[in-house]
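Peer 1: Pasting the sequence and the predicted model now:
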Amino acid sequence: MPLKLRNTLSGQYEEFVPIGDVVKLYVCGVTPWEVSHVGHAMSYIVFDVLRRYLEYRGYRVRHVQNFTDIEDKIIARAERLGIDIGQLTEEMIERYHQEMRALNILPAHVYPRATEETPTMIEMIQALIEKGYAYQANGDVYYRVTRKEDYGKLSHRPLDAMVAGARVEPGEQKENPVDFALWKAAKPGEPSWESPWGPGRPGWHIECSAMSLRYLGEQIDIHGGGEDLIFPHHENEIAQTEAYTEKPPFVRYWLHNAWVKAGEEKMSKSLGNFVPISEALERWPVDAIRLWVLISPYRTPLSYSEEALAAAQRGAERLRLAARASPDPSASLRAGGAGEGEAVDAAPYRQQFIEAMDDDLNTAKALAALFDLAHEIHRARDETRPIGEAQTVLLELADVLGLTLAEPEADMSAAPFIELLIAIRDELRQAKQFELADRVRSGLAELGIALEDTPQGTEWRRRE
RNA sequence: GGCGACGUAGCCAAGUGGUUAAGGCAGGGGUCUGCAAAACCCCGAUCACCGGUUCGAAUCCGGUCGUCGCCUCCA
């Protein structure tokens, strides 16, 4: 079964066939003017799962992700804070990396920044001017959209419809309202870079074309980002790059994730209705956040809510308990050898998982396979049948989704005290002093320690 | 106005022509337990509405209602 991906360009599900040995993956990164929110988390979790799955299927992946570290809002915010733009973006980028690590997102291989890639951009812009695809106007450089007839092929809009809706900012001297800026002349006091057209800064779209070209080459396999980037950003990237290289297609597979809704509307930085990743991480375990994202397919809008996250947290715990080592160390079921009767055969579940993921990363269906496997493990454990191999498979598949199924970070310094309390509680129980014994249990519960009495003795674990 | 997505049990959500409509959360009953917890067993929807195509539709077509998004910075 081949992997099929839904390509925004064709609107079809297409079999994934990479150009070369290494899959070239470019994912649009953030503009670091403000902290990232759970909408960004969703997008980067989705593309992390894409990457993990490609690697699971045996592909090597080269993943490039940019930072748009020069942009109007960055300039405005830095000015308001009275700091240098570099100081602002550096801080935001550092936070971004920390949060991605916390979300168990694999780092990209390269994180180019717009401000460090201006030579490539200038080179591209110059070539576009020479080829007649771009023109200067008062220190600005614009891309001549009407020059190529296939403009609009990604967003599936006819050019004339766009002309009708396009606006021109005061001071811009465009030949045509739909033309977009490749280079913007510096306004007084703005950060700027030298160029053949005078001091200025790059337009938004050219950076991705330049970085993609420099770090991945003229044609790449997959380009990803949020659905809101389809137009104009990605449409413009295609126009520029294909005009420059004359080697279409620039990107073979365009993948776009839907967005996170806050209530009924889209969550976005501009609207100010966002939940920062840091806040979500304080409230919920990583596995819960990832499960919340992956329980629905990446092209379906997702709602952030207390209830949804709580449900995901409980679900994650269910998987975690299935993967957890056996409570009885002497049985050591986890080792795979012990136990009697028929071992759980995890192969069919792995198969279902792969089939689901092959279907345009249907993580909802893939998770159903994980839950089914977890159920089999629990049942077999009740019957003391061997579950070790099945648990290994469960962890293997969970890892493809970036779920760790790990116990919550334990502060082991408390362990001796907890165990002492458990020993005392056991004595109380044996003496039928249940009221006191229950006080120990409920007291620990309030501190986040759950006790479970099993035939092998009392176990404890942290509740997340 | 142009383009697009969506509407499945209390909630999240899979399913794109044909066995009993996945899975998770919540809820009810039961097993286990001193009581719990965890786990296990059992229990729930005819798929927004109307009409059509078909032997057969949640799945295809048309219409209605509703929600959301893009067309301007945005994952």
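Peer 2: Sure, I can see it. Quantities reported herein were computed from a predicted structural model and do not represent experimental measurements.
Peer 1: make it CA atoms for all contacts and neighbour counts henceforth
Peer 2: Fine.
Peer 1: mind listing the strands for the stretch 51-200 of chain A?
Peer 2: Counting by DSSP state E, counting those that start in this stretch, one finds strands in the stretch 51-200 of chain A at the ranges A:60-65, A:134-137, A:140-143, A:180-185, A:200-202.
Peer 1: Just put these in CSV and tack on mean neighbour count and distance to RNA strand B.
Peer 2: Formatted as CSV, those follow (neighbours: other CA atoms under 10 Å; distance: least, CA to the nearest atom of the strand, whole Å):
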stretch, mean neighbour count, distance to RNA strand B
strand A:60-65, 20, 10
strand A:134-137, 19, 17
strand A:140-143, 26, 13
strand A:180-185, 23, 8
strand A:200-202, 24, 12
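Peer 1: can you list the ones you listed in a markdown table and add mean pLDDT?
Peer 2: Shown next, in a markdown table, are the strands of the stretch 51-200 of chain A (pLDDT from 0 to 100):
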| stretch | mean pLDDT |
| --- | --- |
| strand A:60-65 | 98 |
| strand A:134-137 | 94 |
| strand A:140-143 | 95 |
| strand A:180-185 | 94 |
| strand A:200-202 | 95 |
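Peer 1: Residue in the stretch 101-250 of chain A with the shortest distance to RNA strand B?
Peer 2: Nearest residue of the stretch 101-250 of chain A to RNA strand B (CA to the nearest atom of the strand) works out as residue A:226 at 2.9 Å.
Peer 1: re earlier: and of the strands of the stretch 51-200 of chain A, who's closest to residue A:317?
Peer 2: Across the strands of the stretch 51-200 of chain A, residue A:317 has its closest neighbour in strand A:60-65 (30.9 Å, CA to CA).
Peer 1: What are the contacting residues of the closest one?
Peer 2: Strand A:60-65 is contacted by residues A:21-29, A:51, A:54-55, A:108-112, A:212, A:215-216 when judged by CA atoms under 8 Å, 6 or more residues apart in numbering.
Peer 1: go with 6 Å
Peer 2: A:22-29, A:108-111 (CA atoms under 6 Å, 6 or more residues apart in numbering).
Peer 1: Top of those residues by number of neighbours, please.
Peer 2: Counting neighbours by other CA atoms under 10 Å, the top entry in these is residue A:26, with 27 neighbours.
Peer 1: Where do the domain boundaries of chain A fall?
Peer 2: For chain A, automatic domain parsing gives the domain ranges A:4-277, A:286-400, A:412-462.
Peer 1: what about the second one, distance to the chain center?
Peer 2: In other words, domain A:286-400. Distance of domain A:286-400 from the chain centroid (CA atoms, centre = their mean, to the nearest Å) equals 21 Å.
Peer 1: what about residue A:396, neighbour count?
Peer 2: Around residue A:396 there are 16 other residues, counting by other CA under 10 Å.
Peer 1: now swap in residue A:10 and tell me
Peer 2: Neighbour number of residue A:10 under other CA under 10 Å is 14.
Peer 1: now swap in residue A:438 and tell me
Peer 2: Applying other CA under 10 Å, we find 14 residues neighbouring residue A:438.
Peer 1: just the one 3 residues further on next, same as before
Peer 2: The criterion is other CA under 10 Å. On that basis, residue A:441 has 19 neighbouring residues.
Peer 1: Tell me the buried residues in stretch A:206-221?
Peer 2: Within stretch A:206-221, the residues scored as buried using 16 or more other CA atoms under 10 Å are A:206-213, A:215-216, A:218-221.
Peer 1: what bits of chain A have low per-residue confidence?
Peer 2: A:163-171, A:326-339, A:410-411, A:464 (pLDDT under 70).
Peer 1: repeat that for 50
Peer 2: Within chain A, the ranges that satisfy pLDDT under 50 run A:327-337.
Peer 1: and the contacts of strand A:60-65 near RNA strand B, which?
Peer 2: Here is what survives when the contacts of strand A:60-65 are matched to RNA strand B using CA under 7 Å from any atom of the strand: A:28-29.
Peer 1: can you tell me which of the contacts of strand A:60-65 lies nearest to residue A:425?
Peer 2: For those, the nearest to residue A:425 is residue A:108 (49.9 Å; CA to CA).
Peer 1: how much space between the closest one and residue A:257?
Peer 2: Distance, residue A:108 to residue A:257, by CA to CA, to the nearest Å: 18 Å.
Peer 1: Over to residue A:456?
Peer 2: Counting by CA to CA - residue A:456 and residue A:257 are separated by 47 Å.
Peer 1: The two: which has the busier surroundings?
Peer 2: The neighbour comparison of residue A:456 against residue A:257 (other CA under 10 Å) goes to residue A:257, with 21 against 10.
Peer 1: partner residues bridging that one?
Peer 2: The partner list for residue A:257 in beta bridges (DSSP bridges) reads residue A:226.
Peer 1: List the contacts of it.
Peer 2: Contact analysis of residue A:257 by CA under 6 Å, 6+ apart lists A:226-227, A:298-299.
Peer 1: Kindly recompute the last result at 10 Å.
Peer 2: Listed by CA atoms under 10 Å, 6 or more residues apart in numbering, the contact set of residue A:257 reads A:42-44, A:46-47, A:224-229, A:297-301.
Peer 1: sorry, back to before: show me which pair in the contacts of strand A:60-65 is furthest apart.
Peer 2: The distance between the two most remote of these (CA to CA) is 20.9 Å, for A:22 and A:29.
Peer 1: ok, for residue A:174, nearest residue in space, not its chain neighbours?
Peer 2: Ranked by CA to CA, 6 or more residues apart in numbering and with sequence neighbours excluded, the top spatial neighbour of residue A:174 is residue A:142, at 7.1 Å.
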